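Asks: here is a sequence with its predicted model. Questions after.
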Amino acid sequence: MIRTAASNRSRRSRPAAPDRPVPDLSGRDLAVDGVRVFCVLMVVVAHLLMVGVGVDASGALTISKPVTEQSWFPLATWFGQVMPLFFVLGGFASLTAWRSAQRRGATGADYVRTRVVRLMRPTVPVFAFFSVVIIGALVAGAPASLVAGVAQGVGTPLWFLAAYLLCQWCVPLMARLHERAPVRALVALAASALLVDAVRVATGVEAVGLVNVLFVWLFVQQLGFLYADGVVLRASRGVLAGVAAASLALLGAGVAAGLYSPDMLTNQYPPLFALGLLGIAQLCVLALLHPALTALMRTRAARALTFAVGSRLMTVYLWHLTCIIAVTGICLLLPLPLPAPGSAAWWATRPLVLAAALVLVAALSLVLVRFERAPVADPVRTRRPATWRVQLAVLLAATPPFLIMCFGLNAALAVFGLVGAVGALLLCRPGRVTAPAPIAQA
């Protein structure tokens, strides 16, 4: 931007403003930051509409998922299932961060260690809270079935930790494969995911699909590598529209053949390659909308919202469902009118519940945002942990959320998650450089 001499003199004549932390936005794709925030807010809204708490004729609490009972819900998930897009954005950020780390002389273990620390620090207070609350509720005599139902509900978002951490663990390897043969890397991942889908269908063993926690999400992450290279943004609008239409047509054919559910959320547990096809379409739509999104992110309001939410994104993601349950519990205790789940009154009050939950998350973030800021180690006074420690940290960090994805959250897995997160952080802690002993004077 060109400034006039008068404007420069005016700036120099103003009193100095107090020092404030100003984010460095140079070189960033702000459209990616804005879409990442959009994805998390979409997850918040989806979970809000899945929490239906009511009281039956006998006065007992009932828990339901009203939005899933709507006839339009499966079609809505084709637009509302944003996790493939989130992993695409994660792939863009990962490859960019990995290349930056390489330029600084970092190793693959260094990169993975930073990712473990960034993911596990915000997770420690979550698992600590769940451990205390679940065990405390059981000790206090709360009905075990009610505690189990609520725990499984609030633990739903934790699957992401396992999938995302495994993908981050593979970034150095997948980046090398991408540099050598990007198309072959994508084809190999897609073929592996389709093979797992085929075995799952042929055997009828749903657990086989858990292997695709790796293949499906790695495929979608690899799509983000293409975005980071600029390949997708350089494609013509006609090509992007055609690829998006073709991937959606293949997805529709898979649904028609009975291979995939028309509900894209169902295709997430365990992940099916339907999400890979959806990810291709979402990547193309992102590229088509990129000019408009970039223009939007030039506005002060969009930047302010993106920075406010983006700087505490993990806190919002990990705590939003707990806050939604908390708001519902407050309505029960006061007591406030509790409309029947799925009724017109229930739908009308969802914006109020959303606003209350977001206010509660914002209040929590004032305390918890510090866990999202990884400490910066002094490279002169510290030494990097051994590679085996980083690998063990990944195992410790990823195993509890993977088990929660399989069996649901309970007291034992909450405690295991806390132990795993703390253990992973300790393993990733850089060692202190021991000062050499002084040389004795003759």
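Replies: Thanks, I have it. Residues are numbered from 1 along each chain as shown.

Asks: what number of residues lie near Val55?
Replies: 13 (other C-beta atoms under 10 Å). Heads up, the C-betas are built off the backbone N, CA and C, glycines and all.

Asks: Val208 reaches Arg200, doesn't it?
Replies: Yes: using C-beta atoms under 8 Å, Val208 is in contact with Arg200, at 4.4 Å.

Asks: so for the two, which sits in the more crowded spot?
Replies: Between Val208 and Arg200, Arg200 has the larger neighbour count (other C-beta under 10 Å), namely 20 against 17.

Asks: list the contacts of the more buried one.
Replies: When contacts are counted by C-beta atoms under 8 Å, 6 or more residues apart in numbering, Arg200 touches 206, 208-209, 270.

Asks: next one: Met314
Replies: Residues near Met314 by C-beta under 8 Å, 6+ apart: 119, 122-123, 372.

Asks: can you rerun that using 10 Å?
Replies: For Met314, the contacting residues are 40, 118-119, 121-123, 126, 160-161, 365, 368-369, 371-372, by C-beta atoms under 10 Å, 6 or more residues apart in numbering.

Asks: mean confidence (pLDDT) on the helix or strand encompassing it, please.
Replies: In this structure, Met314 sits in helix 313-333 according to DSSP states H and E. What helix 313-333 shows for mean pLDDT is 91.

Asks: identify each buried residue in that helix, please.
Replies: 313-328, 331 (16 or more other C-beta atoms under 10 Å).

Asks: run the chain-centre distance for stretch 384-398.
Replies: From the chain centre to the centre of stretch 384-398 is a distance of 21 Å (C-alpha atoms, centre = their mean, to the nearest Å).

Asks: now that stretch: average pLDDT?
Replies: In this model, stretch 384-398 has an average pLDDT of 95.

Asks: check what contacts that stretch and list those residues.
Replies: Applying C-beta under 10 Å, 6+ apart, the contact partners of stretch 384-398 are 106-117, 119-120, 123, 161-166, 168-169, 213, 377, 416-417, 419-431.

Asks: what are the ranges of the helices in the stretch 101-250 of the chain?
Replies: Ranges of helices in the stretch 101-250 of the chain, per DSSP state H, counting those that start in this stretch, are 108-120, 123-139, 144-154, 159-169, 171-180, 182-203, 212-229, 231-234, 237-256.

Asks: mean neighbour count, these: which tops it?
Replies: Compared across the helices of the stretch 101-250 of the chain, helix 212-229 shows the largest average neighbour count, a mean of 25 (mean count of other C-beta atoms under 10 Å).

Asks: going by neighbour count, which residues in the helix or strand harbouring Gly417 are buried?
Replies: According to DSSP H and E, Gly417 maps onto helix 411-427. Neighbour-count burial for helix 411-427, counted by 16+ other C-beta under 10 Å, picks out 411, 413-418, 420-425, 427.

Asks: now it: mean pLDDT?
Replies: Mean predicted lDDT for helix 411-427 stands at 97.

Asks: show me where pLDDT drops low in this protein?
Replies: Residue ranges of the chain with pLDDT under 70: 1-27, 59, 374-382, 432-442.

Asks: hang on, the earlier thing: what's the farthest-apart pair in the contacts of Arg200?
Replies: Pairwise distances across those (C-beta to C-beta) peak at 8.1 Å, for the pair Val208 and Pro270.

Asks: can you list residues touching both of the two?
Replies: Residues touching both Val208 and Pro270 (C-beta under 10 Å, 6+ apart): 196-197, 200.

Asks: which strands or helices does the helix holding Gly417 pack on?
Replies: Applying 3 or more C-beta pairs under 10 Å, 6 or more residues apart in numbering; DSSP states H and E, one finds that helix 411-427 makes contact with helix 108-120, helix 123-139, helix 144-154, helix 159-169, helix 387-407.

Asks: so Gly54, which of the three states?
Replies: On the three-state scheme (DSSP: H, G, I helix; E, B strand; the rest coil), Gly54 is labelled strand.

Asks: ok, now Ala57?
Replies: Ala57 is classified as coil under three-state DSSP.

Asks: cool, and the one 10 residues further on?
Replies: Taken by three-state DSSP, the conformation at Val67 corresponds to helix.

Asks: what's around it, how many residues?
Replies: 23.

Asks: surely it touches Pro74?
Replies: No: checked against C-beta atoms under 10 Å, the pair Val67 and Pro74 is beyond contact range at 11.0 Å.

Asks: so how far is Val40 from the residue nearest to the spatial centre of the chain?
Replies: Centroid-nearest residue in the chain, with C-alpha atoms, centre = their mean: Phe160, separated by 5.8 Å. Distance, Phe160 to Val40, using C-beta to C-beta, to the nearest Å: 10 Å.

Asks: what do the two both touch?
Replies: Between them, Phe160 and Val40 share the contacting residues 86, 314, 317, judged by C-beta under 10 Å, 6+ apart.

Asks: the one helix or strand the first one maps to: which residues count as buried?
Replies: Counting by DSSP H and E, the element that carries Phe86 is helix 83-103. Residues of helix 83-103 classed as buried: 83-98, 101 (neighbour count, 16+ other C-beta under 10 Å).

Asks: tilt between it and helix 212-229?
Replies: Following axes from the mean of the first three to the mean of the last three C-alpha atoms, to 10 degrees, one obtains 60 degrees for the angle between helix 83-103 and helix 212-229.

Asks: next, the angle from helix 83-103 to helix 171-180.
Replies: With the same axes, to 10 degrees applied, the angle from helix 83-103 to helix 171-180 works out at 90 degrees.

Asks: just how off-centre is helix 83-103 within its chain?
Replies: Its chain's average C-alpha position is 13 Å from that of helix 83-103, according to C-alpha atoms, centre = their mean.

Asks: the inter-axis angle of that helix versus helix 159-169?
Replies: Here helix 83-103 runs at an angle of 40 degrees relative to helix 159-169 (the same axes, to 10 degrees).

Asks: show me what helix 83-103 is packed up against.
Replies: Packing contacts for helix 83-103, counted by 3+ C-beta pairs under 10 Å, 6+ apart, involve helix 30-50, helix 108-120, helix 159-169, helix 171-180, helix 212-229, helix 274-296.

Asks: can you lay out these as CSV showing distance to Ile404?
Replies: Shown next, in CSV, are the helices and strands packed on helix 83-103 (distance: least, C-beta to C-beta, whole Å):
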stretch, distance to Ile404
helix 30-50, 16
helix 108-120, 15
helix 159-169, 7
helix 171-180, 23
helix 212-229, 12
helix 274-296, 19
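
Asks: figure out which of those helices is closest to Pro351.
Replies: Of the helices and strands packed on helix 83-103, nearest to Pro351 by C-beta to C-beta is helix 30-50, at 9.4 Å.

Asks: other SSEs contacting the closest one?
Replies: With contacts taken as 3+ C-beta pairs under 10 Å, 6+ apart, helix 30-50 sits against helix 73-80, helix 83-103, helix 144-154, helix 212-229, helix 274-296, helix 300-310, helix 313-333, helix 344-368.
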